[in-house]
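> Pasting the sequence and the predicted coordinates here, then a few questions.
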Amino acid sequence: MWCVPGAVGGSEDYLVRQLLGIPHTDFDITVCAPKGFIAAHPEVAKIHRIIESGHDGRSRPRRVLAESTWLFAQSEGAALVHHGGGTIPSRHRSPTVLTIHDLQYREFPQYVRPHKLAYLKTVMPRSARRADLIAVPTEFVKQTVVDAYGIDPDCIVVVQHGIESTLGVNATSETELREKYSLGVGPIVLLPAMTHPHKGHLFLLDVMEKHWKAQGVQLVLIGAAGAAEDAVSRRAHSAELKTCVKKLGRVSKADRDGLIKMSKALVFPSEYEGFGAPVIEAMALGTLVICSDRACLPEVVGDAGLVLPLNHDAWAGALDLVISKRSQYLEASAQRLENFTAEASGRALAEAYRTVLK
């Protein structure tokens, strides 16, 4: 119900990849989703039964009401109900599995709209205590949930993100992308993220101006508009940066995969992530990774990428350094990816269901 296609960022990919990876013969799964989910994810509809609500889920009050009425009715007789968006409605069926993607609202409340912040402060702790089992994407998130809500660690399981084996199969070619987006012939680096304040766009634009512009690279920004959209747009189109920064907004999945593949590096200077799927996607597509040392990113990237503090000078020589160790990082990426397949994620979720159903 929370999974509005195109509006909830990486948590949508997390859910979809789990649904694609879960052993199909183990459970009879019904997905209750907002209007438009089937059109956005026909590959899921081929595997699981999907029931869409009568609205698109963009209105939170309407969605919350539907969760306590329409969803409550639809889930009658279910052996287990999995709420994937971090909250459990006041009227709900048991037993329940709850996915908590992150607790960003606690770490950076200034980045959350006041009415949404008030909602999360009230509903998320209550939901965590209602759940029979909580699923989280990383050990980092598990510990934050334990610390924040006092949940028994034994009631929390890590269900890692997983990348489908078909990732990049339909990627747009580099030649087509360079022509389509006027990217010229020089090397590019890519930041794929909504323009939320914590994603690090402004930090990276500073790095571009101070250090990377002189190195002849072009920074490409893709992703939907977030709370920092206006500030990022102004900075990207400033006189100092407009010749070396391309801000493309949302692009198709094929173009996104193609842009990752053609990049010298995927750069991800985020202050906070519950998982950070783009870094794993880059590894799967054979692209080098440079990321911050914040939140879960060191846990996810390990030795398969360059992990740096959010200091401009620390990033100054990052491109040369990561390229000089390209073969080392790509070898480590291949090994690390064995833990992050859609099938592995689906099996971990299935095991969580079995734990609750025992």
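Yep, it's here.
> from here on, contacts and neighbour counts on C-alpha atoms
OK.
> This protein: strands as residue ranges?
Counting by DSSP state E, the chain has strands at residues 30-33, 49-52, 81-83, 96-99, 133-136, 156-158, 188-192, 218-222, 245-249, 265-268, 288-292, 306-308.
> Next, format those as a markdown table and append mean neighbour count.
Converted to a markdown table, these look like this (neighbours: other CA atoms under 10 Å):
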| stretch | mean neighbour count |
| --- | --- |
| strand 30-33 | 19 |
| strand 49-52 | 16 |
| strand 81-83 | 22 |
| strand 96-99 | 24 |
| strand 133-136 | 25 |
| strand 156-158 | 22 |
| strand 188-192 | 23 |
| strand 218-222 | 23 |
| strand 245-249 | 18 |
| strand 265-268 | 26 |
| strand 288-292 | 26 |
| strand 306-308 | 20 |
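> Adding distance to Leu357 and mean pLDDT, write those strands out as a markdown table.
Below are the strands of the chain laid out as a markdown table (distance: least, CA to CA, whole Å; pLDDT from 0 to 100):
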| stretch | distance to Leu357 | mean pLDDT |
| --- | --- | --- |
| strand 30-33 | 17 | 96 |
| strand 49-52 | 21 | 96 |
| strand 81-83 | 11 | 97 |
| strand 96-99 | 10 | 98 |
| strand 133-136 | 11 | 98 |
| strand 156-158 | 15 | 98 |
| strand 188-192 | 38 | 98 |
| strand 218-222 | 42 | 98 |
| strand 245-249 | 43 | 97 |
| strand 265-268 | 39 | 98 |
| strand 288-292 | 39 | 98 |
| strand 306-308 | 40 | 98 |
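> Mind putting the ones you listed into TSV with distance to Leu65?
Putting the strands of the chain into TSV (distance: least, CA to CA, whole Å) gives the following:
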stretch	distance to Leu65
strand 30-33	14
strand 49-52	15
strand 81-83	15
strand 96-99	18
strand 133-136	23
strand 156-158	27
strand 188-192	33
strand 218-222	34
strand 245-249	32
strand 265-268	37
strand 288-292	39
strand 306-308	43
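> got a pLDDT number for Ala225?
pLDDT for Ala225: 93.
> An error on my part: the question was meant for Lys142.
For Lys142, pLDDT reads 98.
> Quickly note the distance from it to Glu176.
42 Å (CA to CA, to the nearest Å).
> List the beta-bridge partners for the spatially closest residue to His237 that is not a sequence neighbour.
The shortest distance from His237 to any non-neighbouring residue, by CA to CA, 6 or more residues apart in numbering, is to Val245 (7.7 Å). Counting by DSSP bridges, Val245 is bridged to Leu219.
> got a list of what Val245 touches?
218-221, 236-237 (CA atoms under 8 Å, 6 or more residues apart in numbering).
> for those, which one is nearest Asp26?
Nearest to Asp26 among the contacts of Val245 is Leu221, at 40.6 Å by CA to CA.
> isn't the closest one right up against Arg250?
No - assessed by CA atoms under 8 Å, Leu221 is found out of contact with Arg250, at 9.2 Å.
> what about the helices in the stretch 251-358 of the chain?
253-262, 277-284, 297-301, 312-316, 318-324, 326-336, 342-357 (DSSP state H, counting those that start in this stretch).
> Of all these, which one is nearest Arg129?
Taking CA to CA, helix 342-357 is the member of the helices of the stretch 251-358 of the chain nearest to Arg129, at 14.9 Å.
> Go through that closest one and flag the buried ones.
For helix 342-357, the neighbour count (16 or more other CA atoms under 10 Å) marks 342-350, 352-353 as buried.
> Could you do stretch 251-262 as well?
In stretch 251-262, counting by 16+ other CA under 10 Å, buried: 255-262.
> per-residue confidence averaged over it?
Mean predicted lDDT for stretch 251-262 stands at 97.
> CA-only coordinates of it in PDB, if you can.
Written as PDB, here are the backbone C-alpha positions of stretch 251-262 (Å, rounded to 0.1, in the frame of the first residue of the first chain):
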ATOM      1  CA  VAL A 251      15.400   8.500 -16.700                       C
ATOM      2  CA  SER A 252      14.200   5.100 -17.900                       C
ATOM      3  CA  LYS A 253      15.600   2.000 -16.300                       C
ATOM      4  CA  ALA A 254      17.400   1.100 -19.600                       C
ATOM      5  CA  ASP A 255      19.000   4.500 -19.700                       C
ATOM      6  CA  ARG A 256      19.900   4.400 -16.000                       C
ATOM      7  CA  ASP A 257      21.600   1.000 -16.400                       C
ATOM      8  CA  GLY A 258      23.400   2.200 -19.500                       C
ATOM      9  CA  LEU A 259      24.600   5.400 -17.700                       C
ATOM     10  CA  ILE A 260      26.000   3.300 -14.800                       C
ATOM     11  CA  LYS A 261      27.800   0.900 -17.200                       C
ATOM     12  CA  MET A 262      29.500   3.800 -19.200                       C
END
